[in-house]
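[1] sharing a model that was predicted from the sequence below.
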Amino acid sequence: MKKLLLITFVISLTASIQAIESQYHITPESIMKHIEVLAHDSLEGRQIGEPGELKAAEYIRAQFKAAGLSAIGTDNYFQYYDFLKEIKITPENNSFNINGTSLVLHEDYIPLKVSFNNLQYMPTAYDDLGTQIQRTSLNIIDVNFGIKISDDSGVYNDYANKDVKGKIVSIKRFAPDKKDYPHVDFSKHELLIDKINTAIAHKVSSIIFYTPEGHDDTLVDQRVIKILSKEIPIFFFKKSGMEKINQVSDTYDMTFYIELDYVRDTSQNVIGIVEGETDTTVIIGAHYDHLGWGDTYASSYKGEPAIHNGADDNASGVAALIELAHYYAQAKEKPHYSMLFIAFSGEEAGLLGASNFAKNMTIDSSKVRMMLNMDMIGRLKEQDKGLAIMGVGTTNEFTNFFDSLNYQDVKLTLSNAGYAASDHTAFTTEEIPALHIFTGAHKDYHKPSDDIEMIDADGIVKVTRFMNTLISYFDTLEKPLTFTKPKSSHDGKRRKKYSVTLGVIPDHVTEVQGFRIDGVMADKPAEKAGMLKGDIIKKLGEVVINDIYDYMNALSKFKKGDTVTAIVKRGDKEIELSVTF
């Protein structure tokens, strides 16, 4: 990926921009009042679907109401939406018996969340004529690391000379020692999802993963958002489970039952509006959810579960949102454009709240002028580059605005990138000009140490002053804003994992088999190949795509310059497209 062009300069308020004035004054103390509530231990990290998140939502709603905002949600400032909260695996509904020995769920084994579900299982086999038959005595065939490579990564095959069709295979996690195979790159082939797809391609009946000697026996839990189950049972056996298997004979009488409980829940965005002279609307948003006790894949913390208060991420942005709501509700003169204030939930789980709102707006979506997103704005004094503004390239008017500035209040770093791992992306994909306001990543990101004592409240006040300058300028600009498709994305809070990009934005809301595209970046491989918003990627190269995990696994296989065939579903038809990375 080309490096982003970042332009850094210093700004201060100019006489040419008449800032909107208000009876309300934003102070460091008023900012901290909100952060002390939102980042308090009693909210237990505001994880989506948990009581602490609802308490935060109720606090924000009370603040919007106190400020005098009109309710614009679907139910008293709230807009509800449904999401997949967790996949429960309970002893009451799962069992594994081998040669009369019962394994203990969670202690000896656990079904993976991508496993085939709701199954009373007696393994299958095939007779000499290829007919599928049932049998209860069988071998478990070990296929070492379960890796098969025949590309520029090297040549390696754990399935060579092994008949695994219709049989259970056991597969080690991780990959062979590099020193034993210096000319083979295992990094693109050692993920569990890749091993699962390879085993399925060999028509195995079931998979048992286990940990080789010398490695930690802990298996990191898989994110549950939009998981699609595979067509076979898949297990992880801990060392105690493997010991029980090894204590019995070489052939096994085996039965097991799998039932994964897909638990759905409801969360809510909080929405209020300051009505202007027209119903054309500026959306100002910030997400209020965080990581709870950190027992999710997203936490960067290593240790016993601890409350992740998320003072910067993103109590800081919500505090500014609330204060700006008070400020504009008490403006000395009514703004020309209406201002919708929205606190999103579900950002940490995949932009769920923002994506649901962007697709199901509680106002006329054709009247939305632009969107401004504040995410992690509480560490300004720590940042050499000052305040990061992303999305400048989503309309020429943003570029013109920043080119005209000649101020001395806040140092800015500008990026044209319109896509990143925050809520503004949900609006960019709907072709709405959007900016992301961000004071930068830091060592406390997604850790319990992101707490109140680290917040730069004076810096947040400076951010709100900049927001007023920005909003005031566009409130007096009568011309419409024309969306420009950005040519780049920005990693923002998260690190890149792949050497290539397709240049698409995933649909975080629609549940389909495959990878549904919600946005296509300009001049990237997907656009050049002819992919469109709404296409569902079913296959990329040799990798069948059932969900986002298959898609990410496929990306790991390619390097810049590779050309592969993609199969996408467009409407009722499947079409082939040639993609060059």
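    On my side now, so go ahead. The shown structure was predicted, so the numbers you read here are calculated from the model rather than taken from an experiment.
[2] report the buried residues of the longest strand along the chain.
    The strand that spans the most residues within the chain, counting by DSSP state E, is strand 261-274. With burial defined by 16 or more other C-beta atoms under 10 Å, the residues of strand 261-274 counted as buried are Ser267, Gln268, Asn269, Val270, Ile271, Gly272, Ile273, Val274. Just so you know, the C-beta spots here come from the backbone N, C-alpha and C atoms, and that holds for glycine as well.
[3] need the max-distance pair from the residues you listed.
    Put simply, by C-beta to C-beta the two of the buried residues of strand 261-274 set farthest apart are Ser267 and Val274, 24.5 Å from each other.
[4] just to revisit the earlier point, how far does the longest strand of the chain sit from its chain's centre?
    Mean C-alpha position of strand 261-274 versus that of the full chain (C-alpha atoms, centre = their mean, to the nearest Å) differs by 17 Å.
[5] can you pull out the strands in the stretch 451-581 of the chain?
    For the stretch 451-581 of the chain, the strands defined by DSSP state E, counting those that start in this stretch occupy 504-506, 515-520, 536-540, 543-544, 563-570, 573-580.
[6] between these, which gets nearest to Glu86?
    Proximity to Glu86 (C-beta to C-beta) singles out strand 504-506 among those, at 20.4 Å.
[7] any regions of the stretch 251-400 of the chain where pLDDT drops low?
    Along the stretch 251-400 of the chain, segments meeting pLDDT under 70 span 251, 297.
[8] mind listing the strands for it?
    Using DSSP E, counting those that start in this stretch, strands in the stretch 251-400 of the chain cover 252-258, 261-274, 278-287, 337-344, 368-374, 387-390.
[9] just checking, what packs against the shortest one?
    Using 3 or more C-beta pairs under 8 Å, 6 or more residues apart in numbering; DSSP states H and E as the contact test, the elements touching strand 387-390 are strand 410-415, strand 434-438, helix 457-476.
[10] identify the residues contacting that strand?
    Residues from elsewhere that reach strand 387-390 (C-beta atoms under 8 Å, 6 or more residues apart in numbering): 377, 380, 402, 410-415, 417-418, 420, 424, 435-440, 462-463, 466, 490, 492.
[11] could you rerun that using 6 Å?
    Outside of strand 387-390, the residues within contact range by C-beta atoms under 6 Å, 6 or more residues apart in numbering are 410, 412-415, 417, 420, 435-436, 438-440, 490.
[12] turn the strands of the stretch 451-581 of the chain into JSON lines, columns for mean pLDDT.
    Formatted as JSON lines, these follow (pLDDT from 0 to 100):
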{"stretch": "strand 504-506", "mean pLDDT": "87"}
{"stretch": "strand 515-520", "mean pLDDT": "91"}
{"stretch": "strand 536-540", "mean pLDDT": "95"}
{"stretch": "strand 543-544", "mean pLDDT": "89"}
{"stretch": "strand 563-570", "mean pLDDT": "95"}
{"stretch": "strand 573-580", "mean pLDDT": "95"}
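[13] can I get these in CSV including mean neighbour count and distance to Phe237?
    Putting the strands of the stretch 451-581 of the chain into CSV (neighbours: other C-beta atoms under 10 Å; distance: least, C-beta to C-beta, whole Å) gives the following:
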stretch, mean neighbour count, distance to Phe237
strand 504-506, 23, 32
strand 515-520, 23, 30
strand 536-540, 21, 31
strand 543-544, 18, 26
strand 563-570, 18, 35
strand 573-580, 14, 38
